[in-house]
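Participant: return a 3D structure for these sequence lines:
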Amino acid sequence: MATYAAPPHNEQPGSPQQPMQQYPAPPPSASFSSSPQPPAQYQDWTTGIYDCLKEEETCWWGSWCCWMMSARNAESLEVGSSYQQSMVFVGIIVVSILFLLFAPAFALLVFVIGMTYYAYYRADIRTKIREKYAIQTQSGLFNDFILHCFCPCCAVAQEGREAIHKDAKKIDFIYGEELATIDFPQGG
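Facilitator: Modelled structure (predicted):
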């Protein structure tokens with residue numbers, strides 16, 4: 001068995017007056033990396049970020065109505081409010097239009113700041129999804145934010161596919177309630 005020596009606390013290493021104490025060497029499989037290793041129970045996303053075409057509904061909703069899909073994902077995976085997320089998005093659009101009408105010089109700035117905030121908000125939702133379902137990625141909130149800034153449709157579609165694979169509640173886009181509990185009006 002390999003050993004290494006540690007000097008006594010009051011002596012200099014290699015001093016002839018005191019013999020060196022012997023300690024067992026750490027096993028060769030011990031990792032001394034500075035980055036923490038994730039627990040063994042962590043898993044990957046069920047689909048990749050660019051697997052949009054694997055599920056048709058999430059592909060279409062994620063492409064054409066990304067903010068509604070994101071709100072639905074948050075509600076169905078129980079990590080956020082679809083109403084709150086929808087109101088944030090609609091509020092950004094309304095304020096941007098008002099600035100466009102009354103202060104056109106600031107309209108683009110308001111829109112960019114608003115959409116940056118909205119990307120952060122959605123990145124926070126994505127982080128909560130990863131924490132709730134123990135999904136391992138090399139990313140954190142910053143990488144989720146960058147993903148939602150530059151590829152929001154793919155990120156939202158991936159979250160939607162994850163909701164399908166986790167058998168999350170099926171939420172209606174219009175009512176924001178679980179499909180099984182909605183009493184739809186009957187035509188007569």
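
Participant: what's the longest helix anywhere in the chain packed up against?
Facilitator: Taking DSSP state H as the criterion, the chain has its longest helix at helix 104-132. Secondary-structure packing of helix 104-132 (3 or more Cβ pairs under 8 Å, 6 or more residues apart in numbering; DSSP states H and E): helix 66-76, helix 82-102, helix 141-150, helix 152-165. For every residue, glycine as well, the C-beta is placed using N, CA and C.

Participant: pick the most deeply packed of these.
Facilitator: Neighbour counts (mean count of other Cβ atoms under 10 Å) averaged over each of the helices and strands packed on helix 104-132 peak at helix 66-76, with a mean of 24.

Participant: how close does the nearest residue to Val95 once chain neighbours are set aside get to Leu100?
Facilitator: The shortest distance from Val95 to any non-neighbouring residue, by Cβ to Cβ, 6 or more residues apart in numbering, is to Val110 (6.1 Å). Going from Val110 to Leu100 by Cβ to Cβ, to the nearest Å gives 9 Å.

Participant: re the thing from before, now the longest helix of the chain against helix 152-165, angle please.
Facilitator: Computed by axes from the mean of the first three to the mean of the last three Cα atoms, to 10 degrees, the angle separating helix 104-132 from helix 152-165 equals 30 degrees.

Participant: let me see the mean pLDDT of helix 104-132.
Facilitator: Averaged across helix 104-132, pLDDT comes to 90.

Participant: list the buried residues in it.
Facilitator: 107, 110-111, 114-115, 118-130 (16 or more other Cβ atoms under 10 Å).
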